[in-house]
Structure formats: structure tokens, C-alpha cells
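> Pasting a predicted model and its sequence here:
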There are 4 protein chains.
Amino acid sequence: MTTNAKKKRIRQKPEERLAEILDISHKMFVEKGYEATSMADVAKQIGIVEGTIYRYFKTKKDVLISVLERWYNDALADYTHNLAGITGVKNRLHFMIWHHLNVLKAEPALCDMIVQHVRVGIDYEATKIFELNKAYSSNVDKIIKEGIQNNTFRSDAPITLIRDMIYGGVEYHAWRYVTGRSNRLDVDSIADQISDVVYRALLNTDNKGSGQPRQNDNSAILAKLEQLEQKLDKLS
Amino acid sequence: MTTNAKKKRIRQKPEERLAEILDISHKMFVEKGYEATSMADVAKQIGIVEGTIYRYFKTKKDVLISVLERWYNDALADYTHNLAGITGVKNRLHFMIWHHLNVLKAEPALCDMIVQHVRVGIDYEATKIFELNKAYSSNVDKIIKEGIQNNTFRSDAPITLIRDMIYGGVEYHAWRYVTGRSNRLDVDSIADQISDVVYRALLNTDNKGSGQPRQNDNSAILAKLEQLEQKLDKLS
Amino acid sequence: MTTNAKKKRIRQKPEERLAEILDISHKMFVEKGYEATSMADVAKQIGIVEGTIYRYFKTKKDVLISVLERWYNDALADYTHNLAGITGVKNRLHFMIWHHLNVLKAEPALCDMIVQHVRVGIDYEATKIFELNKAYSSNVDKIIKEGIQNNTFRSDAPITLIRDMIYGGVEYHAWRYVTGRSNRLDVDSIADQISDVVYRALLNTDNKGSGQPRQNDNSAILAKLEQLEQKLDKLS
Amino acid sequence: MTTNAKKKRIRQKPEERLAEILDISHKMFVEKGYEATSMADVAKQIGIVEGTIYRYFKTKKDVLISVLERWYNDALADYTHNLAGITGVKNRLHFMIWHHLNVLKAEPALCDMIVQHVRVGIDYEATKIFELNKAYSSNVDKIIKEGIQNNTFRSDAPITLIRDMIYGGVEYHAWRYVTGRSNRLDVDSIADQISDVVYRALLNTDNKGSGQPRQNDNSAILAKLEQLEQKLDKLS
DNA sequence: GATGAATGAGTATTCATTCAT
DNA sequence: AATGAATGAATACTCATTCAT
């Protein structure tokens, strides 16, 4: 009953403890990076002991994944709702891209960690992040399909590839920003450009007899010419 | 009179030794991965001591970078030559993409190392890899500019972004293959699709009806015909 | 059923573990020298793994410094007490020198390490060793000042320099012993000689003929007599 | 006979090569310190190759020792001549101390190397440095003996110890300067003070019946009183 | 005399994770 | 539930020196 200088064992509700671990980890991962943050650091910051963290998480990477999942889940929380309120294939595409860029811009460090530490993991595809991402990016597929349905987009649109070009393109373009090498990322402009590119690439042109189709025929002619050339080459 | 365990000091020409180190390192990095390969392993495999490697390279990462540079340099060696022989904006774009996919397909492990170990480094932009890459991908820019010049492409084509969408898209799409999670990568199909998407997205639609697509291909055809004519001239 | 090689995890109180590490390190440093003692050696000797040592010390040098601090602290533990019981400037000086020589004589190897490894360090002056030493050697200053106060010593005695000549002289003289090149160190004789030299060098000679030497000793004698008187008082 | 870009083998007279090695080594040792200077550095600086150095010196430490010997020899070159021109025991002592301080002040880094790297070596006493030093410091002995001869100094002067107190004191005092921690060293003042201390400590006082001798008697009285005190203590 | 490629030995340190208390 | 002491595994790098050419 005397005053004891020793650490007081503060027992907390599991959920609170869990949230606390995630909060502090999140903060420290962002501040110092994943690798530079030690479990001891995190524990000390919370005022607990390493072992305690391991009652809640199996490994350090689990902590990271949980942090990222929680954040990613929140980051993707209301886009569905917002997307629902947007009409027009192009607008909807634009929104998806714009939203994704905003996510990158808001938490570049966490995005980087997904790329660097989670997506490379052999078990990535068992991850909730993967699931979230799949669901998230599948919206692009849906939008394109909608576009095909209503004849805005041509029926042979390479959906998967377009999706990859969007997300890959965004990621590639934002790379310097995400890794902290640049501090400029013009979300609006990029979203405009990408959605425009996609829109133009998929636009249905069958209805007016002009344009591209003939295009293809020309390339066939070119191929033929090349064959001729080769034959001539052999002659000489 | 039995086998003598004493190491014989074998003196070799620096270039040969260097090549040897790069060869073995290359092999082992691909086989076991960068981190799992120890300098001691490499040295033993060559039949020298670790210290010798450090006469040629400052750090292990330097070895990796040299391996990658050498390979990447070779991988990009003749594409310029080949590209020169290809006419038509679309064909040229297609070739660039197709070539890049082939590079990825041929050495997925090395590509992965560039992404995982080199591109994340703070000094990446001082790397020869970076330079090679810049020169390499700038060809896409050039091709698009050519397309704009001859009115195939619209003048407001977002060049940089297209480049990012191409390379980002390729990388994103090939990700599972590069990381060894998939063993299928349909180079031709992807190249077709991406180049088609890009082509369509950039196509100049300003001209009335007949317009410039035809013009474009006509000029390519004309160019080809000129070449043919020249060859015929030589024959006679 | 034979001896099981598996290490049993023995948990110990931090203070005990710490002391154990210091004890063994002390022993091995003295026996083999600092550089020739590897952390692995120390750990094995204790029956723990290297990592455990690093829970208690940041670096190997930290271990050394701690060993030296602990020892030096003990070595200087009761000299203050003893010094207090000694009267007469000369006797007090003599004691300081004699004591220092004893410290050197008792642990020449550790003294050597202070000189070789600690005092050369750029951060020596942030060391507890430095502090201890400062406090320790400042006694010489005090004694000289006392001597000046009671007119035994001349008022222009170069205090700092005398201190340096004492400690430098001792160190220089004991050098061969400390470095193990000689095994003879006549503590009493050296202490006598040095204190005598200092005493003579500082003696106040300003007073005419009879003067202050006598005065000095007289005051010491008077002080002593007063003490005696007090004791006699207590007896009665 | 054609221009050859390969390194020209410049053959030099051995003495010149030797001097060159010593010059460059000297320079680099002073600039970067002994340990931080690699043989490769030195060789490159000269424009030769490591192996060549080893044709002139057996080990790196040999190079250091030669550098130091050469320098030390020069530094002590003319002091004998100058000393010869100085009369009076005190003046001569003062000169020795002053000269030594000047040596320290001129090349603190080299002095430090003698202390750190040469004097600790097991073979120090086989060194020319040791010899030089012995010859050098023996002058102090001689001067004191001269003083004794002409009755300036008392006949029981502790010669060796005085020498140690001089050199040890100087070294101790100059420590911070020599190790680069301080950039102030008041040569004249220190030389004055030390020589004065020594002079006073050794001064012959027998001729005038006053002073110190009685002094000693007093301490005998004190000792007696202490004995009395102890007896009284036992009584109580 | 010179070269310079090759040697070789040596070890401190980190930290996620475990498990006895 | 919490503690926190102990584990353990793993390796890049340096450079004085040698010796085959």
C-alpha cells in the first residue's frame, strides 16, 4: 500500500490495447520507416513491453499489415458511396483515378510500405490488402463494362490491361513522390490526363464508318510490303 | 603427395577476374536472390577469397549494381538498331513495348532486383541503370513526338503520362510473373493490346472524315516504297 | 538420456547479470587485454550469448569503460576518508601520491587501458573516469592551497603545474611497470621522493631566518595538541 | 618506341625513393593519423605501388618509426650545441624544458604517435627513438649532477625522479594540446614554472643553518605525537 | 628493382521473437 | 494478461602483407 516507484501494471481492454499498438505503430512506421522502427521502440512508446505486443500480433510484419489494412480500409471507405453518385463513364473513371491519386498523396509512406513490404511477400494474395485492392480496382472493370454495355466503349476493350495501365501508370508516375524524392503531385491534372487517355482508347468508333478501322488495313499493307522487301533482299 | 589443400595463388588479368566475379554473382543472385547470397558464397564459388572481390567492388550492393548494369546494358544493346528498321508510329510503339516485355520475361529475377534493391536506393538517380532507363524510355517520347509531327497523333498528347502508363502498366501487369508467382506472360498479346490502347488514345481526330490516319499510314507506305525503290535501283 | 546440449534459459536479476558481465569482462580484459578479448569469449565464459551482453551495454568499449569506472570508483573509494585523518601538508601530499602509486601497482593492466583506450577517446571528458580523476587530483590542489593558507607554501605556488608534475611524474615513472615491462615499483620510496620534491619546491622562504617553516609545523603541532587535549577532556 | 599510355616505370635512386616514402608518409600520418592512413594511400600518393614500399620497409610500423626517428633526430639536432652555450644550472634546466615543449608544440601529432604507437610497443627499447630519448633526457641528469658538483644542488637530489617529473609533467600538461583537444600551449610560462620548481626543490640549503632541516625534526615530533594519540585512543 | 593481384584472418552488432516467471 | 530477460543466427568488410610475374 506504500507508494511504489515500480511500473504500474495498467490493464486495458484488449480492443483498446490493440488500437493503441496500431496507432503508435502507424505513427512510428510513417515517421521512421518500417525497418528503422524496432518493436522495442514501439513498446516503449506505448509504455508496455515487447512481449505484450506479441500477445496481439504474431510478427512485426503482422503489425505492419494490420496497420496498413486498417488505414487502407478507411481510405477506401466512402469511395463506393461517392462513386455511386457519379454518372457518366468518363466521370466515373476519372473519379476512380482521382481518388486513387488522393490516397497516394495522403499517405505516401504507407503506400510505399505496401509496395516495399507487403506486395512482395509470398503471402500477399492471402492478405486483406490484396482483397481490398482487388475489390477496389475491380470497379474500373465494372465501369468499363458499363461503358461497353451502353455502347460508349467498344466491345473488345482490353479491360484487365486498361486497369493495369491505370494503376501501374499512376504508381509509376507517382513513384518519386511516394518515395519522398519529390514533393509535387498534381492530382487533378494527372487524373484528367489518364481518364482522358483511357476514354479515348476505349471509345466506340464502330458507329461512324470513318477512322481507325481503315487504319488497320494500312498496317496490313505495310506488312505485305515488308514481305516484298524481304524477298527483294534475298534476290540481291 | 596427396591433394594439397594450400591455395595456389592464381593471378589473373583484372578484366577476366572482374568478369568472373560478375558472372558468378549474376548466377547466384538469380538463383538464390540478392540477400540470400553471401559474399563468402560467391568467393568460394570462384575459388578466391572475399577480400579479392573487395579489390574490385566497394560493397556488395556495388556488385549487384554492376551485374545489373552489365546485363541491362546488353539487354538494351540492339533495340535502337532494330527500332530504326521499323516504320510506322504504331509499329514502333509496339516494338518498344514488346521489347520491354521480352526483357522482363528473359530475366524476371534481375528485373525484380532492380525494383527491390536499386530503384529504392536513395542514390538510384546517380546510377547507370537510371541513365539507361531514361535513354530507353525516352524513345517512347520520341515516337509519340514523331506521331505528332506527322499528324498521326493529336498535338496535345500527354507524352510523359503515356510513357508512365506504358511502363507502369507493363510492370504492374507482369508483376506476378516477375516475382515468380506466375509463369505465364503473353508478351505478344500484351504488346498488341498496350500499343493499340496507346495508339487509339493518341490518334488525331481533328481532321475531317478522311483525314490524317490514312495520311499517316500513307506516309509510312510511301517511305517503304521509297526504300523498295532504292533497293530495286541497286539491283539494276 | 545423455547430457542435453540445449541451452537452458536462465533468468537472472539485471543487477546480477550486469555484475557478472563486468566481473568476467574485467577478468578477461586483464588477462588477455582489451583487443584480444572478443565479446564471444566473454559471453561463452559467462554461459550466455553475445546478444545478452548487448542488452546491457551498447558497445564493447562501453563494457570496458564500465569495468574501468567500477574499478576506479572502488579504488578511489576510501582515500577521502583516510586523507581526512592525515594532518600536515607534507603528510597529506605524501598520502595522495602514495595512494595513487598503489592504485597503479594494484591494477597496472587497467591503468594501462585507461591510458590506451579511454583517455585517447574523443569523448573522454564526458566519461565518469574523467570526473573521478578530476575530483581525485583536485585534492592535490586543495592541499597545496591549504599549505599556502597556513604559510607553509609560498603564495605563488604553480598549483596546476605541480599537480601535473606529480601525476605525470608518477605515470612516467611507473610506465615500465604499468606496461608490464618491469615488475618492480617501489611505491614508498617514490612517494617519499616526490612529496619531498614538491614540498621543497613550494616551501615558503619569504620569512626572515626563523620564519614560517617552523610556523607551519608549529601550527600542525598545535592542531595535534588540540586534538589530544580534546581526547583527554573526554577521558576525564 | 611509340607513345605508351601505360604507367612509366620511373626508376629512382634508392635514397631518393626512401626519402620520398618517408616524406609522403610523414605528411599523411600527420594529416590523417597513423591508423587512418593506408599503405595503398601512401603508395598512390607517391605514384608507386604498395609492394615497392615493402622493398624499403618491413612493416607499416617500420615506416612510422622511421618517419618519427628522422624527425626526432632533426628536432633534437642542435639542442646540444645551444645547451653548450648556456651557463648556470637553472638556465640550462630551463632550456631543456623549454626545448622539449617546443618540440611538442611544433609536431603534436608526431609526439602523439610516439606515445600511442611506439612507446607502447614491446620493442620500444630497441628503438632509435628510445635511444635518442635516453640521450636527450640524460642531459637533465647531467645538469643536475653539475649542480650538485658546484654545490648549487643538494647532494641527495633524486635525479631520476626529477627527470621523470619534468618529462612526465610536461607530457601530462601538454596532453590536451598534443591530442588536439586544445590549441593553447604557453611554452615560456610552463618552462619557467617547471624549471623554477625543480630548482627550488633541489637547492642546497645545508650551508646556511636555517630552514628545512629543522622542518624534518618537526615532522618527527608530529609522528611522535601521533603515537601518543594512538596510545590515548587505546586507553579510552 | 618493380609490379600489383591476391591473400586471410578476424568480430562486433542487431533485433524479432520466445518463454520462464 | 503481462513481463522482460534471454536468445540466436547471420555476415560484410579492411588492409597490411606476400609472392608470382
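Thanks, I have it.
> Is residue A:182 in a helix, a strand, or coil?
coil (DSSP: H, G, I helix; E, B strand; the rest coil).
> With chain B as the reference, measure out to the residue of chain A found nearest chain C.
For chain A and chain C, the shortest gap (Cβ to the nearest Cβ) falls at residue A:40, measuring 10.1 Å. C-beta here means a position set from N, CA and C on the backbone, and glycine is covered the same way. The gap separating residue A:40 from chain B is 23 Å, by Cβ to the nearest Cβ, to the nearest Å.
> Let's verify that residue: helix, strand, or coil?
Here residue A:40 takes the helix state, with states given by three-state DSSP.
> check contacts around the residue lying closest to it once chain neighbours are set aside.
Nearest residue to residue A:40, sequence neighbours excluded (Cβ to Cβ, 6 or more residues apart in numbering or on different chains): residue A:50, at 5.7 Å. Contacts of residue A:50 were listed using Cβ atoms under 8 Å, 6 or more residues apart in numbering or on different chains, and they are A:39-40, A:43.
> Repeat that for residue A:121.
Taking Cβ under 8 Å, 6+ apart as the test, what residue A:121 contacts is A:61, A:127.
> Going by secondary structure, it is in what exactly?
Assigned by DSSP states H and E, residue A:121 belongs to neither a helix nor a strand.
> residues near the residue in chain A positioned nearest to chain D, how many?
When scored by Cβ to the nearest Cβ, chain A has residue A:36 as its residue closest to chain D, at 29.1 Å. Around residue A:36 sit 10 other residues, with neighbours defined as other Cβ atoms under 10 Å in any protein chain shown.
> Then residue A:170?
Using other Cβ under 10 Å, residue A:170 has 23 other residues around it.
> Could you check the pLDDT of it?
Here, the pLDDT recorded for residue A:170 equals 96.
> residues in contact with it?
If you count contacts by Cβ under 8 Å, 6+ apart, residue A:170 has them with A:97, A:100-101, A:104, A:190, A:194, B:168.
> For chain A, which residues are neighbours of DNA strand E?
Neighbours of DNA strand E within chain A, by Cβ under 7 Å from any atom of the strand: A:36-40, A:50-51, A:54, A:58-61.
> can you narrow the residues you listed to ones near DNA strand F?
Answer for the residues of chain A next to DNA strand E near DNA strand F (Cβ under 7 Å from any atom of the strand): A:50-51, A:54.
> so what are the domain limits for chain A?
What automatic domain parsing lists as the domains of chain A is A:14-57, A:69-204.
> Redo those as JSON lines? Include distance to residue C:84.
Shown next, in JSON lines, are these (distance: least, Cβ to Cβ, whole Å):
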{"stretch": "domain A:14-57", "distance to residue C:84": "45"}
{"stretch": "domain A:69-204", "distance to residue C:84": "62"}
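> Those domains: which one's closest to residue C:73?
domain A:14-57 (29.2 Å; Cβ to Cβ).
> shaky segments in chain A?
In the predicted model, chain A carries pLDDT under 70 at residues A:1-14, A:206-224, A:226-227, A:236.
> so where do the helices sit in it?
For chain A, the helices defined by DSSP state H cover A:14-32, A:39-46, A:50-56, A:60-75, A:79-84, A:89-106, A:108-113, A:128-149, A:159-178, A:187-202, A:212-235.
> Can you tell me which of the ones you listed is packed in deepest?
Of all the helices of chain A, helix A:159-178 has the most neighbours on average by mean count of other Cβ atoms under 10 Å in any protein chain shown, namely a mean of 22.
> Nearest residue to residue A:69 in space, ignoring adjacent ones along the chain?
Nearest in space to residue A:69, with sequence neighbours left out and distances taken as Cβ to Cβ, 6+ apart, is residue A:128 at 4.7 Å.
> and the one you found, what does it touch?
When contacts are counted by Cβ under 8 Å, 6+ apart, residue A:128 touches A:65, A:69, A:73.
> Could you dump those residues into JSON lines with distance to residue C:151 added?
Formatted as JSON lines, the contacts of residue A:128 follow (distance: Cβ to Cβ, whole Å):
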{"residue": "A:65", "distance to residue C:151": "81"}
{"residue": "A:69", "distance to residue C:151": "84"}
{"residue": "A:73", "distance to residue C:151": "86"}
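> Now flag whichever of these is closest to residue D:204.
Within these, distances to residue D:204 taken as Cβ to Cβ reach their minimum at residue A:65, with 88.8 Å.
> just checking, the closest one touches residue A:130?
No: judged on Cβ atoms under 8 Å, residue A:65 makes no contact with residue A:130 at a distance of 10.4 Å.
> what's the burial count for residue A:158?
Close neighbours of residue A:158, defined as other Cβ under 10 Å, add up to 19.
> I'd say it and residue B:191 touch.
No: using Cβ under 8 Å as the test, residue A:158 is too far from residue B:191 to be in contact (11.7 Å).
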